[in-house]
Each structure stands twice: as C-alpha cells, then as structure tokens.
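Colleague: give me a 3D structure for the following:
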Amino acid sequence: MKPVTLLLMLAMIFSSPGFAAEYTQPGQLSPPPGPAKKLGDASRKAAQEAEAAARQAAADAKKALERSEETAGRVSKAIAEGIRRAARKAAESATRFEAKADASAAKAIDASRDAARAAADGSKRAAAAAREALAKAEEASRRAVSSSMEEAGKAAEATRSALRQAEEATRSAAEAAREAARRTRDALRPAAPPSPGK
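Modeller: Numbering: from 1, shown residues only. Predicted coordinates for the structure are as follows:
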C-alpha cells in the first residue's frame with residue numbers, strides 16, 4: 001500500500017464521528033457521565049439520605065416513647081424535663097427526615113417516584129405528630145412545676161399518648177422511605193449480562 005493511500009485512510013478513520021464519540025482524552029478513564037447517569041446518581045443519593053434520616057427519626061421517636069413509658073405513674077420536674085428533651089430530639093429528627101424525604105421525592109426517577117412521594121407524605125405526618133408530642137411534653141414540663149399532681153399526671157399521660165402516635169407515624173414513614181430507596185437501587189442496578197446461548 002502506498003504511503004499516500006495509508007495516510008488518507010488513517011485521516012478518514014480519525015475524523016469519523018464514531019471515533020470522535022468514543023475517543024477518550026489521555027488521563028481520562030471513561031467518557032464524562034451523561035444527563036441520565038447524573039440524574040440517576042442524584043436520585044440514588046437523595047433516596048439514601050432520606051432512608052438514613054428516616055432510620056434516625058424512627059430511633060429517636062422510639063426512645064422518646066420509651067422514656068415516657070418507663071416513668072408512667074410517676075410525676076416530677078426531672079422526669080418531665082427528661083421526656084421533654086427526648087421529645088424535642090425526636091421532633092428535630094422528624095423535621096430533618098421531612099426535608100430529606102421532600103428532596104428525594106423531587107429527584108426521584110420514574111420507577112420510584114410514587115414510593116418517594118408516599119415517603120414524603122408520611123414524613124410530613126410524622127413531623128407534625130412529633131411537633132404535637134413536643135408541645136404536649138413542654139406543657140407537661142410546665143405543669144410538673146406549677147400544677148397539682150393530678151393535673152401533672154394528666155399532662156404526662158397526654159404526652160405519652162402523643163409520643164405513641166408520633167412513634168407509629170414515624171415508623172410507618174420510615175418503612176415507606178426504605179421501600180423508596182430499595183426501588184431506586186433496583187431500578188438503577190446495572191442489567192445482568194445475557195447468559196451464553198441466548
């Protein structure tokens with residue numbers, strides 16, 4: 001083959017669209033990710049963060065309820081204040097979960113969008129219930145100091161009931177967040193290579 005012909009063939013190959021599309025610059029291991037991959041990565045990360053926030057919120061809600069149940073029948077300023085602090089921590093965790101679940105729903109891919117929205121709705125209910133429980137705990141803390149034992153006991157029972165509702169709502173929302181994260185992972189998992197012979 002003549003040198004001129006060889007040069008012409010090489011020029012055609014290197015200038016072809018296919019080569020340009022597949023060419024990777026030196027030092028670059030792979031082509032830059034496309035929009036679909038970026039969307040998938042953002043959705044996966046948001047779902048994971050929502051799931052983690054949900055676990056923490058559920059754990060804090062359970063601890064607050066347990067703190068209240070362990071002291072049932074007893075009334076004191078120290079007990080009421082301990083429950084109030086636990087309820088505040090649970091409310092703060094529920095609020096963070098609500099924010100993360102909203103972000104996950106906004107970034108969800110088609111395969112997990114319904115589940116992510118269900119988790120976001122559940123997180124709103126959980127956060128509202130946690131804030132209500134905190135309000136009850138704050139009232140009980142005040143009554144433990146300034147009210148009769150009977151009134152303080154009623155306030156403590158109202159707090160316990162509100163914490164129970166908050167724990168149930170948070171646990172349910174956490175399950176929804178876990179399901180949304182699972183669907184996201186499944187949808188974004190690379191397809192298995194076809195088996196030989198197919």
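
Colleague: wait, what's in contact with the residue nearest to the spatial centre of the chain?
Modeller: Taking CA atoms, centre = their mean, the centroid of the chain lies closest to residue 50, which sits 0.8 Å from it. With contact set as CB atoms under 8 Å, 6 or more residues apart in numbering, residue 50 has these partners: 97, 100, 101, 103, 104, 116, 119, 123, 177, 180, 181. Heads up, the C-betas are built off the backbone N, CA and C, glycines and all.

Colleague: one more time with 7 Å
Modeller: Contacts for residue 50 (CB atoms under 7 Å, 6 or more residues apart in numbering) come out as 100, 101, 104, 119, 177, 181.

Colleague: wait, which of those is closest to residue 55?
Modeller: Using CB to CB, residue 177 comes nearest to residue 55 of the contacts of residue 50, at 8.3 Å.

Colleague: now the closest one: which helix or strand?
Modeller: helix 149-188 (DSSP states H and E).

Colleague: and the strand or helix carrying the residue nearest to the centre of the chain, what's buried?
Modeller: Assigned by DSSP H and E, residue 50 falls within helix 35-70. Buried residues in helix 35-70, counted by 16 or more other CB atoms under 10 Å: 40, 42-44, 46-51, 53-54, 56-58, 60-65, 67-68.

Colleague: go on, stretch 172-185?
Modeller: 173, 174, 176, 177, 178, 179, 180, 181, 183, 184.

Colleague: could I get these as CSV with pLDDT and distance to residue 157?
Modeller: Listed next are those as CSV, based on pLDDT from 0 to 100; distance: CB to CB, whole Å:
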residue, pLDDT, distance to residue 157
173, 98, 25
174, 98, 26
176, 97, 29
177, 97, 30
178, 97, 32
179, 96, 34
180, 95, 35
181, 95, 36
183, 94, 40
184, 93, 41
